[in-house]
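**Student:** Show me how the following folds:
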Amino acid sequence: MLFELSKILWWFVQPSKLWLLIVTLGVILLYSRRKNLGRSLLSFAVVVVFLTVFLPVHTWLSGPLENRFPRLTELPATVDGIIVLGGAVDQLITAAFGQSSLNDGAERMTETVVLARRYPTAKVVFTGGTALTNASANSPREADVAGLLFENLGLEESRVVLESESRNTWENAVNTKLLVNPQPNEVWLLVTSAQHVPRSIGIFRKVGWEVLPYPTDYRVIPGGRQLNLSFIEKLQIIDGATKEWIGLLSYYLMGRTSAVFPK
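**Tutor:** Below you'll find the model as predicted:
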């Protein structure tokens with residue numbers, strides 16, 4: 001129930017959805033007796049577009065998340081396991097066309113393969129079931145897509161561990177720890193999106209598993225201006241960053257992370 005509720009609430013607070021709702025309501029009101037309110041809403045929506053395009057709002061929101069855990073300047077000499085969190089694959093497109101389909105978080109998967117080749121004895125653990133609220137027992141799982149992709153890219157089946165029941169990051173950490181039973185002296189890398197690293201590390205610490213973060217698919221350039229990004233692209237970055245900030249606070253209040261903003 002909590003999972004479904006979180007998905008519904010996020011739909012209504014997601015910045016891009018809020019913007020679309022404001023535009024839709026503004027247009028509807030133009031054809032009613034409240035034309036002035038409709039004009040005001042549409043004017044506000046236009047102002048949001050200009051502010052998003054001409055101000056680095058996406059950088060202000062995403063930068064602190066992405067830079068909280070910098071990339072490792074030197075990788076460990078040995079690694080026992082590599083964990084990659086779900087969220088980078090498209091289950092439905094894969095099922096429809098029979099090819100492993102990736103989304104904007106594709107670097108999670110490609111960097112995992114790079115690491116797997118760098119550490120040929122390390123276990124490769126993919127954790128992800130489905131984040132679809134209307135999923136049925138026969139719906140494809142993210143782990144199924146990952147297994148197909150890793151097989152096609154030449155990873156030995158004996159090295160790959162697939163966890164297919166998780167629906168969120170908390171379940172990723174809990175289920176994976178139970179599945180692989182990591183030992184205190186082992187070194188495990190955690191591969192996920194740079195925006196998502198702070199919350200992920202906080203959760204893994206909460207369940208008593210110290211992992212090394214390996215951030216991927218960065219969205220913003222520190223101190224740089226990305227003039228080529230469109231309104232939609234910047235809004236997507238803002239969506240992702242907003243989700244993480246809300247997630248950090250809500251997970252902390254639920255006792256699922258070690259700190260509001262882990263470091």
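**Student:** so where is the chain shaky, pLDDT-wise?
**Tutor:** The chain contains residues with pLDDT under 70 at 1-4, 6-7, 131-139, 224-227.
**Student:** So which residues of it form strands?
**Tutor:** For the chain, the strands defined by DSSP state E occupy 81-85, 123-127, 160-163, 188-193, 212-216.
**Student:** if we compare those strands, which one ends up closest to Ser16?
**Tutor:** Counting by CB to CB, Ser16 lies closest to strand 188-193 out of those; the figure is 17.6 Å. Backbone N, C-alpha and C define where each C-beta goes, glycine included.
**Student:** Is Ala194 in contact with Thr216, as I believe?
**Tutor:** Yes - the pair Ala194 and Thr216 qualifies as a contact (CB atoms under 8 Å) at a distance of 6.6 Å.
**Student:** neighbour count winner among these two?
**Tutor:** Ala194 (25 against 22; other CB atoms under 10 Å).
**Student:** Longest helix in this structure, please.
**Tutor:** What stands out as the longest helix in the chain, according to DSSP state H, is helix 231-253.
**Student:** In terms of secondary structure, what does that helix contact?
**Tutor:** Counting contacts by 3 or more CB pairs under 8 Å, 6 or more residues apart in numbering; DSSP states H and E, helix 231-253 packs against helix 2-13, helix 15-30, helix 35-54, helix 57-66, helix 197-206.
**Student:** Among those helices, show me which one is buried the most.
**Tutor:** Using mean count of other CB atoms under 10 Å, the stretch among the helices and strands packed on helix 231-253 with the largest mean neighbour count is helix 197-206, at a mean of 24.
**Student:** Would you mind getting the angle between that one and strand 81-85?
**Tutor:** Inter-element angle recorded for helix 197-206 and strand 81-85: 120 degrees (by axes from the mean of the first three to the mean of the last three CA atoms, to 10 degrees).
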